[in-house]
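Q: what's the 3D shape of this:
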Amino acid sequence: MANIHFAMFSGVVWLAYLMADSVAIYALSIITNKLTKLDSQSVDADTQLNAFWAPFLLLHLGGPDAITAYALEDSELWLRHLSALVTQAGVTFYIFLMAWTGQKISILAIVVILAGLVKYGERVYVLWTASSEQFRESIPNPPPNYSKIMEQHKLMKAEGYDVIPHEVIKIRNVIEENIVDGANLLSQSPYKREQGALLVARDLVKIFQRLFADLLLSFEDRDTSGSVLKDKDPLTVFKIIEIELGIMYDLLYTKAKAIHISCGLACRIIGLVSISIVLVLFILIGITQ
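A: Alright, predicted model coming up:
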C-alpha cells in the first residue's frame, strides 16, 4: 500500500512538473488573444487585472526552489528553457505594453516582471550548471603534484612516521575534534555531532562528485576517503554519506547552486523584496479603492 501511495504521489509531482510550462504558455496566449481584440481606449480595470497575471505567470515559470529538474536528463534541456525565457519574457512585455495605462497596477507589474526574470534566470542557470558537460568541467582536476604527495606519505608511513596526506589535513582535524570515536561521539552534544559530520561531508563530496560526472576515482582519492572514514563507527559513516547525497541532490536538482555564486544572494534578495513590495502595495491599493 505504501508503494502504491508513493507511486501515485510521484506521478502527481511528475505530471505537475511537465504541465507547469504548458499551463503558463496557454494562459499567456489567452490573455494576449483578449488584449488584441481591444483598443487602448477600452482597457478597463478588469482588463488590467487580467493582464496583471502575465508577470505572475513569468514568475511561475521560474519554478520552485526545491525542484528545478525531475530527472538528470532535464538539465540537458537548459538551452530550451533559455529560449522559453526569452520568448515568455517577450510575450509578457507585449501584454504589459498593450495593457499599460500609467495607473498603479501597471507600475506594480514592472516589479513583478523584474522578480520573474530573476527567478526564471536562476532556473536556467542551475539547469546549465547541472548539465553533464558543464558539471564535468566544473570539477577541478587534482593538483599536478598530488600523486607525489601521496607517494611520500606512504613511504614515510612505512618508515614509522605518523603523518597524514596534505589534502586531508582539514578533514582529519575536524574528525579528531568532533568525531574521535564512538564513545566520545555519544558524549557530545547533537549540534557538535551534526557539525562534525557536515564539515566532513562537505570536503568529501568534492571527491565523490566525480562519480556523478562519470569520472574515475584515482587510487589517491580512494586512499584519502579511506583515511578519513576508517575506524569510525558505522552510524557516523552513514550519516556522512547521507549528507553527501543530500549535497549532491541540492547541486543537481534544486536552485542551491544559484545562491552560492557572487550575485546569487543579491538576486535572491531582489526577488524576495520585489514580491513583498508588490503584495503590500496591492493590498493597499485594494483598501483605498
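Q: Please, where are all the strands along the stretch 101-250 of the chain?
A: Applying DSSP state E, counting those that start in this stretch to the stretch 101-250 of the chain gives no strands.
Q: Low-confidence stretches in it?
A: 102, 141-154, 156-157, 159-193 (pLDDT under 70).
Q: how about 90 then?
A: 101-116, 132-244 (pLDDT under 90).
Q: can you give me the helices in it?
A: 104-130, 132-138, 146-158, 169-178, 182-187, 190-212, 219-229, 234-253 (DSSP state H, counting those that start in this stretch).
Q: Out of those, which one sits most buried?
A: Ranked by mean neighbour count, the helices of the stretch 101-250 of the chain are led by helix 104-130 with a mean of 20 (mean count of other Cβ atoms under 10 Å). For the C-beta atoms, the positions are set from N, CA and C on the backbone; glycine is no exception.
Q: Within the helices and strands, which one has M19?
A: Following DSSP states H and E, one finds M19 within helix 2-36.
Q: Quick check, central residue of this structure?
A: The residue lying closest to the centre of the chain (Cα atoms, centre = their mean) is K255, at 1.7 Å.
Q: Wait, that one touches A69, no?
A: No: judged on Cβ atoms under 8 Å, K255 makes no contact with A69 at a distance of 10.3 Å.
Q: starting at the chain centroid, how far to the helix holding M19?
A: On the basis of Cα atoms, centre = their mean, to the nearest Å, helix 2-36 sits 21 Å off its chain's mean C-alpha point.
Q: on contacts alone, who are the packing partners of that helix?
A: If contacts are counted by 3 or more Cβ pairs under 8 Å, 6 or more residues apart in numbering; DSSP states H and E, helix 2-36 sits against helix 45-51, helix 53-61, helix 78-98.
Q: CA atoms of the shortest one as CSV?
A: So that's helix 45-51. Provided in CSV are the C-alpha atoms of helix 45-51 (Å, rounded to 0.1, in the frame of the first residue of the first chain):
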residue,chain,number,x,y,z
ALA,A,45,-9.9,47.8,-14.6
ASP,A,46,-10.8,44.1,-15.3
THR,A,47,-8.6,44.1,-18.4
GLN,A,48,-5.7,45.5,-16.4
LEU,A,49,-6.2,42.9,-13.7
ASN,A,50,-6.2,40.1,-16.3
ALA,A,51,-3.0,41.5,-17.9
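Q: Now do the buried residues in that helix.
A: 47-48, 50-51 (16 or more other Cβ atoms under 10 Å).
Q: repeat for the longest one
A: Using 16+ other Cβ under 10 Å as the test for burial, helix 78-98 gives 78, 81-82, 84-85, 88-89, 91-92, 94-96, 98.
Q: which one among these gets closest to S227?
A: Set against S227, the nearest of the buried residues of helix 78-98 by Cβ to Cβ is W78 (37.6 Å).
Q: OK, contacts around the closest one?
A: Contact analysis of W78 by Cβ atoms under 8 Å, 6 or more residues apart in numbering lists 124, 127-128, 131.
Q: what does V237 give?
A: Taking Cβ under 8 Å, 6+ apart, one finds L229 in contact with V237.
Q: Could you list the residues in contact with stretch 93-109?
A: With Cβ under 8 Å, 6+ apart, stretch 93-109 has contacts from 28, 31-32, 35-36, 43, 47-52, 54-55, 110, 113, 278, 281-282, 285.
Q: Tell me if I'm right that G271 and K119 touch.
A: Yes: at 5.6 Å, G271 counts as touching K119 under the criterion of Cβ under 8 Å.
Q: Distance check, F96 against L114.
A: 12 Å (Cβ to Cβ, to the nearest Å).
Q: Quick check: buried residues in stretch 29-38?
A: Residues of stretch 29-38 classed as buried: 31-32, 35 (neighbour count, 16+ other Cβ under 10 Å).
Q: which one among the residues you listed gets closest to E242?
A: Of all these, I31 has the smallest distance to E242: 45.7 Å, by Cβ to Cβ.
Q: Spit out the contact partners of that closest one.
A: Here I31 is in contact with 50-51, 53-54, 95 (criterion: Cβ under 8 Å, 6+ apart).
Q: Rebuild these as CSV, extending it with distance to A158.
A: Below are those laid out as CSV (distance: Cβ to Cβ, whole Å):
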residue, distance to A158
N50, 77
A51, 76
W53, 71
A54, 70
I95, 73
